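Student: Please find the sequence and the predicted model below.
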Amino acid sequence: MARSDDDTWGITESVGATALGVAAARAAETEREEPLIRDPFARVFLDAAGEGIWNWFAAPELPEEIAEAEPDLPVRMQSMLNYMASRTAFFDRVFIDAANAGVRQAVILAAGLDSRAWRLPWPDGMTVYELDQPKVLKFKSSTLKEHGDEPAAELVNVAVDLRQDWPKTLQEAGFDSSTPSVWSAEGLIPFLPAAAQDLLFERVHALSAAGSRIAVEAPGPGFGDRETYARQREQMQRVRELAAAMGQQRDIPDVQDLWYFEERTDVGEWLRDHGWEVWVVAADKLMTAYGRPPAEVEDSAPPSLFVFAQR
């Protein structure tokens, strides 16, 4: 599915479907014997969405036909699950530390099926603002409500496209730019054009009082490497064809089709130049620190950088 300036999506299509893939990864990690993170709501979302390729990430084993045809795929998938678990743990820690330090506003940009408003141990007085497409937020809130779950903090859904004037909508929803806040940009940056990325951080900076914090999953060296994505695209196409032969009715596009491969500003440098104190760690080192190192196969983890900054 080609991207356009004002494209929209539901939970089982385009960018929305990637949120189901991430939920499947969190469900798989939660169900391990010694999970790094716990997300009891991830499986709820998968059950509500129904069958799809995303469910393979949450299954104990790949279908036999797929595993036989692509013998390295299970190793790659497990490494990606380890990446997602480490990523989740990183952002969880940023939010928990900020709340423990007295920050009482959290803003989750492109919230997707993030369930932190429900599952983290928020203190009294905490408000969590979730920004995403209207259909995505509606699916999440209605699914958890039907399941009988209530947020652990005051939750404010802000249905808005991050390419539009979201600061105005956020402030109208009650966000107070005069007090510290904690922000997350997880699984977001590659889905934005380079100009929109710059504008996003300009807006976050303008809304962030002293003492605010932000965590970002940012593209690192190697992002956009044509040979890497050509290999991944070819494998995904083979898997897609096998899935169709097995009767899979739903599909997701190659994630690369949804990304903008453009020259980008370095996120850590941008924040540092604007007066933030910045820490950066590469994905492989973060995974190793969490006891989930990448597999020793080619392309086993995204070339991402995890950025934390405090103003």
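Tutor: Here it is on my side, so go on. Here the structure is a predicted model, which means the values were calculated and not measured. Residues are numbered from 1 along each chain as shown.

Student: For the residue nearest the centre of the chain, which three-state class applies?
Tutor: Nearest to the mean C-alpha position of the chain, counting by CA atoms, centre = their mean, stands G187 at 3.3 Å. Look at G187: counting by DSSP: H, G, I helix; E, B strand; the rest coil, its state is coil.

Student: what pLDDT does it get?
Tutor: We note a pLDDT of 92 for G187 in this prediction.

Student: Next: D6.
Tutor: D6 is assigned a predicted lDDT (pLDDT) of 55.

Student: about what we covered before: does the residue nearest to the centre of the chain really touch V22, like I thought?
Tutor: Yes. Counting by CB atoms under 8 Å, G187 touches V22, with 6.3 Å between them. C-beta here means a position set from N, CA and C on the backbone, and glycine is covered the same way.

Student: Residues in contact with both of those two, list them for me.
Tutor: Contact with both G187 and V22 is made by residues G112, according to CB atoms under 8 Å, 6 or more residues apart in numbering.

Student: which regions of the chain sit below the pLDDT cut-off?
Tutor: 1-16, 52-62, 224-226, 228-229, 232, 235, 243, 246-257 (pLDDT under 70).

Student: So which residues of this protein form strands?
Tutor: Counting by DSSP state E, the chain has strands at residues 105-109, 127-132, 154-159, 182-185, 213-219, 277-282, 304-310.

Student: ok and the first one relative to strand 127-132, angle-wise?
Tutor: Looking back up the chat, that one is strand 105-109. 10 degrees (axes from the mean of the first three to the mean of the last three CA atoms, to 10 degrees).

Student: List the neighbouring strands of strand 105-109 plus their orientation.
Tutor: strand 127-132 (parallel), strand 182-185 (parallel) (DSSP bridges).

Student: and what of the third one?
Tutor: Using DSSP bridges, the neighbouring strands of strand 154-159 in the sheet come out as strand 127-132 (parallel).

Student: same deal with the fifth one?
Tutor: Partner strands and pairing direction for strand 213-219 (DSSP bridges) are strand 182-185 (parallel), strand 304-310 (antiparallel).

Student: Which one of those lies nearest to L131?
Tutor: Smallest distance to L131 across the strands paired with strand 213-219 (CB to CB): 10.1 Å, for strand 182-185.

Student: ok, the nearest residue to P134 once chain neighbours are set aside - contacts?
Tutor: Nearest non-adjacent residue to P134, counting by CB to CB, 6 or more residues apart in numbering: A159, 3.9 Å away. Taking CB under 8 Å, 6+ apart, we find A159 in contact with 132-134, 137-138.

Student: same thing with M84?
Tutor: By CB under 8 Å, 6+ apart, M84 lies in contact with 22, 25-26, 29.

Student: same thing with V75?
Tutor: By CB under 8 Å, 6+ apart, the neighbours of V75 are 295, 297, 300.

Student: just checking, the last one touches S79?
Tutor: Okay, so that is S300. Yes. Counting by CB under 8 Å, S300 touches S79, with 4.0 Å between them.

Student: which residues are in contact with both of the two?
Tutor: Contacts common to S300 and S79, judged by CB under 8 Å, 6+ apart, are P294.

Student: Helices along the stretch 201-311 of the chain, start to end?
Tutor: With DSSP state H, counting those that start in this stretch as the criterion, the stretch 201-311 of the chain has helices at 226-245, 267-273, 283-289.

Student: Could you dump these into TSV with mean neighbour count added?
Tutor: Shown next, in TSV, are the helices of the stretch 201-311 of the chain (neighbours: other CB atoms under 10 Å):
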stretch	mean neighbour count
helix 226-245	14
helix 267-273	18
helix 283-289	18
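
Student: need those in CSV with distance to A194, can you?
Tutor: What follows is those, written out as CSV (distance: least, CB to CB, whole Å):
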stretch, distance to A194
helix 226-245, 17
helix 267-273, 12
helix 283-289, 21
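
Student: that older thread, return the members of the contacts of V75 classed as buried.
Tutor: 295, 300 (16 or more other CB atoms under 10 Å).

Student: Go through the contacts of V75 and name the one nearest S212.
Tutor: Using CB to CB, the contacts of V75 come closest to S212 at S300, 34.3 Å.
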